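Undergrad: when you get a sec, could you give me coordinates for this:
(2 chains)
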Protein chains: 2
Amino acid sequence: MMSPEEVCSRVLERITPSPGERERVLALAKSIMDKLRAILAEEGIDAQVRLEGSLAKDTWLSGEADVDIFVRFKPEVKPSFLKEDFMEMARRATEGLKQIERYAEHPYLECWADGIRVNVVPCYDVRKGDWLSATDRTPFHTEYVKEHLPEELKADVRLLKKFMKGIGAYGAELKVGGFSGYLCELLIIFYGGFLKALRGALRWRKGVVIDLEGHYEGREDEAREFFRHHLIVVDPVDPGRNVAAPVRLDKMCLFMVAAKEFLTRPSEAFFFPRKEPLDLRALEANLKSRGTSLIAICVRTEGLVPDVLWGLLYRTLRGLKGSLGRQGFKVLRTGAWSNEEDKAVLLLELETSRLPPVEKRIGPPVWVEEHVERFLRKNMADPALVCGPYIEGDRWVILIRRKWPDASEFLKENLLRGGGRHIGVAPLLAQKVQEGFEVLTDMEVLKLCRGEEGFRGFLSEFLIGRPGWLVGRSG
Amino acid sequence: MMSPEEVCSRVLERITPSPGERERVLALAKSIMDKLRAILAEEGIDAQVRLEGSLAKDTWLSGEADVDIFVRFKPEVKPSFLKEDFMEMARRATEGLKQIERYAEHPYLECWADGIRVNVVPCYDVRKGDWLSATDRTPFHTEYVKEHLPEELKADVRLLKKFMKGIGAYGAELKVGGFSGYLCELLIIFYGGFLKALRGALRWRKGVVIDLEGHYEGREDEAREFFRHHLIVVDPVDPGRNVAAPVRLDKMCLFMVAAKEFLTRPSEAFFFPRKEPLDLRALEANLKSRGTSLIAICVRTEGLVPDVLWGLLYRTLRGLKGSLGRQGFKVLRTGAWSNEEDKAVLLLELETSRLPPVEKRIGPPVWVEEHVERFLRKNMADPALVCGPYIEGDRWVILIRRKWPDASEFLKENLLRGGGRHIGVAPLLAQKVQEGFEVLTDMEVLKLCRGEEGFRGFLSEFLIGRPGWLVGRSG
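TA: You can find the predicted model right below:
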């Protein structure tokens, strides 16, 4: 077995950009920044063009460069200017590249040059704390990291980012709910290295506070009270912001167990997981012998940006799980897949999608007279009544035939009514459901793998469940 | 619809003993008491022979006379004397009658003469409060009722007793867990009549205190704290005793709802329920279309006196319900039947006796390292593992094949091991189970009706569930 250090140096060989790659990416950045500066000067606009993000901080991973170019405007500039005039200029500066207009709080421009993503993003030049838009903090983050991350720890940031990517915990976007690049940088600065950060994470508990600038020194309980989150990393440039706010509890825990596992059984698999989806035959065999019930709901999702889409998908899964649970179905697991263009699939795994035909319904306590009368009147006349009403403890009870013994029937029928808002489909997604949906069960779900490589990978991971880096224990 | 009063006077016509019946029963009592007195005199023993119970208080029901003859000994008399010499004398005094030796705290003799039960019971002549045995209170109870129950309320006691019998709430024995005759008498004295008692019961709530002699006047909370029971009727002759202690919550509630129902829709059905068990064909049809699963466990129970037997049966049902529940089975209802001689049947109705093959098992939180290691080691090597381990929230979770997807398999296999003590069979009953048992499911349960009229009645009531006097409500 290799030592953790050995594994790290091997990994670094693969993820550190070569001088050539670095030069190429920086040249690309410079050429676009130069064009932008020229255009701004031409238009007589006083704005600063800056390189931000991992490229500026030199913490990017080989082969995964993102060129983040920020244009910092004076606070007087109107939002409408950023929406229209700025976008026009950004397009001119990146003429010839593939351009996609994206939206966060403001629109920004995403371009692609030789497989390298270039983001041209507007922000305001404000004093620390006087934020006018969400992107205004970015230059301060860049400054902070440049100032506090020593040269020799840049490799450690790369390791931590790649580790997070490998275990599926990298990224603050809603889809992942994990660790942003900036958060990785802060953890390395705080703990002083990659392995130290892993060891540090083993001591994390719910409500841990990491506070580099001591904004809450001696008042950690206040920070916990204020942020109310399981992982709190106070933003050094903004005491009111938890950099770890997007980190979901399961992703925090995933990182912790992966850290523990890596320190015990070091391997490159954490950084470079083998992602070989099961082939169709293996998927079919798994489903046939599995013994649970799968239900997939397919919707078309044109026009929803990823962070909105994933929010809707996750919220809907929680809602449907609740509704199915109230009908007596045990939802074992849920998952969502989307190509982030036009298709999404909600996947639910149930202990069984067919419940026994009869259920027990606990009525009101005998002392609550009006409720008792209503319960008796309603149920004694119900042809679905199987047994009772009788008394158990201090309550009236009946056995009655279930209205919905079949989960996919329940879903189909209720999704047809208003897109399923009343059974937990998030309103914006319910609109899409109303335009059409499909419910597939068990083996039918395999149909979705045809022509959708991405779905097959998702389904494979969903069915296996176990992280690739988790090594079996013997005896 | 008749008024409640009309119904009551009709019922009274049927339950009040005629002068002829009264004479016959009292003559029987007198003849045995005379013989007993003669024998005691012959043996030179100083003891009082007294008529007790409902005959002495003139609150018995026509056709259901119980002759309770108590022999009150001086406190110096040894328990061994009561066990042997007294029983010998009681047998001599009732020579020629069918005799059965019964046990409460002491043995006593039960005899049968022309369908009338005669109990010859020993007790000690002590001062109020200095009880040496449980039966010592009886003469005081008789005195209290004779003194406080006016002649004109004796009919009301008969009505209340018959009402309780009709709804299945009469009797302090464990099998019933209901209202004793003495408790009915106290309720009539307290409320001043049958209909007044029913109306009074409508106001009962958990922890109601009825305290005829004001032992806890102004300190009802103390009584509640002391007795810790849902229905408290302080014994007028013993402030430390709750006459309603044997009344189970469901029987208290049953009486309350029956009272409410009778006052709203008076009918003789409350007093004289039609008990026509379903015939075999109807039972079969019910079971076939029912949609639930029935499981019956049959045991031989020779040598267990009823109050012990029923205690064991109920305790075992609670235990088995718990064990099945922990395996994931939903036990809808339970019931027990016994001929109180040599056979007992434990009946369980389950939503289904076949569970889906896979269950979700929630493991330890990721922060509890030793538990995590044990969980991973144990389950990752288990061939029953279906999915995971994966992380949900802050816990490790797996999907795994159930060990016991079939409830009757679970019961059969586990009853074979030590009679099922470890799955909740009460130890004394487990001994019987070890000598042999049978597990029947669904239609097989009908076999038990053959040759056992009583079981068919029990099964009919169990399957219907609804009390016969509960009238359907329309719209």
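
Undergrad: how about stretch A:299-309: buried residues?
TA: Applying a neighbour-count criterion of 16 or more other C-beta atoms under 10 Å in any protein chain shown, the buried positions in stretch A:299-309 are A:299-301, A:304, A:308-309. Quick note: C-beta positions are derived from backbone N, CA and C, even for glycine.

Undergrad: check stretch A:148-155 too.
TA: Buried residues in stretch A:148-155, counted by 16+ other C-beta under 10 Å: A:148-149, A:153-155.

Undergrad: quick revisit: closest to B:Arg274 out of the buried residues of stretch A:299-309?
TA: Checking the buried residues of stretch A:299-309 against B:Arg274 with C-beta to C-beta, the nearest one is A:Val299 at 57.7 Å.

Undergrad: pretty sure that closest one is in a strand, no?
TA: Yes. A:Val299 sits within a strand when classified using DSSP: H, G, I helix; E, B strand; the rest coil.

Undergrad: show me the contacts for it.
TA: By C-beta atoms under 8 Å, 6 or more residues apart in numbering or on different chains, the contact list for A:Val299 reads A:343-346, A:429, A:432-433, A:436-437.

Undergrad: quick one: it from A:Val209, how far?
TA: Applying C-beta to C-beta, to the nearest Å, the value for A:Val299 to A:Val209 is 40 Å.

Undergrad: how about A:Leu174, phi and psi?
TA: Backbone torsions of A:Leu174, given as degrees, to the nearest 10, read phi -60, psi -40.

Undergrad: which residues touch it?
TA: By C-beta under 8 Å, 6+ apart, the contact list for A:Leu174 reads A:246, A:306-307, A:310-311, A:314.

Undergrad: same thing with A:Ile398?
TA: Shown in contact with A:Ile398 (C-beta under 8 Å, 6+ apart): A:360-361, A:363, A:379, A:385-390, B:465.

Undergrad: for the residues you listed, which one is nearest A:Ile167?
TA: Nearest to A:Ile167 among these: A:Lys360, at 43.5 Å, using C-beta to C-beta.

Undergrad: just give me the neighbour total for the spatially closest residue to A:Lys35 that is not a sequence neighbour.
TA: Leaving aside its chain neighbours, A:Lys35 sits nearest to A:Ala93 (4.2 Å; criterion: C-beta to C-beta, 6 or more residues apart in numbering or on different chains). Residues within reach of A:Ala93, counting by other C-beta atoms under 10 Å in any protein chain shown, total 25.

Undergrad: same deal with A:Met89?
TA: Neighbours of A:Met89 under the rule other C-beta under 10 Å: 22.

Undergrad: that one looks like it's in a helix, true?
TA: Yes. Judged by three-state DSSP, A:Met89 forms part of a helix.

Undergrad: can I assume it is in contact with A:Leu36?
TA: Yes. In this structure, A:Met89 is within contact of A:Leu36 by C-beta atoms under 8 Å, at 7.0 Å.

Undergrad: who does A:Arg50 bridge with?
TA: A:Phe70 (DSSP bridges).

Undergrad: A:Glu438 too?
TA: Here A:Glu438 sits in beta bridges with A:Cys298, going by DSSP bridges.

Undergrad: please tell me I have it right and it contacts A:Lys343.
TA: No. If you go by C-beta under 8 Å, A:Glu438 and A:Lys343 don't touch, sitting 10.6 Å apart.

Undergrad: list residues touching both of those two?
TA: Taking C-beta under 8 Å, 6+ apart as the contact rule, A:Glu438 and A:Lys343 both touch A:Cys298.

Undergrad: I would like the residues contacting stretch A:423-436, please.
TA: A:297, A:299-301, A:304, A:308, A:311-313, A:315-316, A:318-323, A:410-411, A:414-415, A:418-421.

Undergrad: so which of these sit within strands?
TA: Among the contacts of stretch A:423-436, the members found in strands (DSSP state E) are A:297, A:299-300.

Undergrad: from those, which is closest to B:Trp204?
TA: Using C-beta to C-beta, A:Ile297 comes nearest to B:Trp204 of the ones in strands among the contacts of stretch A:423-436, at 50.7 Å.

Undergrad: quick check: phi and psi on the nearest residue to that closest one once chain neighbours are set aside?
TA: In this structure, A:Ile297 finds its nearest non-sequential neighbour in A:Leu346, 4.4 Å apart by C-beta to C-beta, 6+ apart. A:Leu346 has phi and psi values of phi -100, psi 130 when expressed as degrees, to the nearest 10.

Undergrad: A:Leu346: what's it in contact with?
TA: A:296-297, A:299, A:313, A:316-317, A:320, A:334, A:336.

Undergrad: specify which member of these is nearest to chain B.
TA: Chain B lies nearest to A:Thr334 out of those, by C-beta to the nearest C-beta, at 10.1 Å.

Undergrad: which strand residues bridge that closest one?
TA: In this structure, A:Thr334 bridges to A:Leu348 when assessed by DSSP bridges.

Undergrad: so which bits of the stretch 301-450 of chain A are right by chain B?
TA: Within the stretch 301-450 of chain A, the positions lying close to chain B (C-beta under 8 Å from any C-beta of the partner chain) are A:330, A:332-333, A:349, A:351-352, A:355-360, A:366-367, A:369, A:372-373, A:376-377, A:380-381, A:386-396, A:398-399, A:401.

Undergrad: of those, select the buried ones using a PyMOL command.
TA: Burial among these is assessed by 16+ other C-beta under 10 Å; the matching PyMOL selection reads:
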select buried, chain A and resi 330+332+333+349+351+352+355+356+357+358+359+360+366+367+372+376+380+386+387+388+389+390+391+392+394+395+396+398+399
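
Undergrad: in helices, which of the residues of the stretch 301-450 of chain A next to chain B appear?
TA: Secondary structure from DSSP state H places A:369, A:372-373, A:376-377, A:380 of these in helices.

Undergrad: now for A:Leu440, how many residues are close by?
TA: Using other C-beta under 10 Å, A:Leu440 has 18 other residues around it.

Undergrad: can you report phi and psi for it?
TA: A:Leu440 adopts backbone torsions of phi -120, psi 150, taken as degrees, to the nearest 10.

Undergrad: my read is that it contacts A:Ser293, right?
TA: No. Between A:Leu440 and A:Ser293 no contact is recorded; they are 11.5 Å apart, counting by C-beta under 8 Å.

Undergrad: report how many residues lie close to the residue nearest to A:Leu202 when sequence neighbours are not counted.
TA: Take A:Leu202 and drop its neighbours on the chain: the residue closest to it by C-beta to C-beta, 6+ apart is A:Lys260, 5.7 Å away. When neighbours are defined as other C-beta under 10 Å, A:Lys260 has 18 of them.

Undergrad: just checking, A:Lys260 touches A:Arg203?
TA: No. When contacts are counted by C-beta under 8 Å, A:Lys260 is not listed as touching A:Arg203 (10.8 Å).

Undergrad: residue boundaries of the strands in the stretch 201-350 of chain A?
TA: Ranges of strands in the stretch 201-350 of chain A, per DSSP state E, counting those that start in this stretch, are A:208-210, A:231-235, A:238-242, A:293-300, A:331-338, A:343-350.

Undergrad: now those in TSV, with distance to A:Tyr108 and mean pLDDT?
TA: Formatted as TSV, these follow (distance: least, C-beta to C-beta, whole Å; pLDDT from 0 to 100):
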stretch	distance to A:Tyr108	mean pLDDT
strand A:208-210	30	98
strand A:231-235	21	98
strand A:238-242	20	96
strand A:293-300	26	98
strand A:331-338	22	98
strand A:343-350	24	98
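
Undergrad: out of those, which gets nearest to B:Cys184?
TA: Evaluated over the strands of the stretch 201-350 of chain A, closeness to B:Cys184 peaks at strand A:331-338, with 51.6 Å, by C-beta to C-beta.
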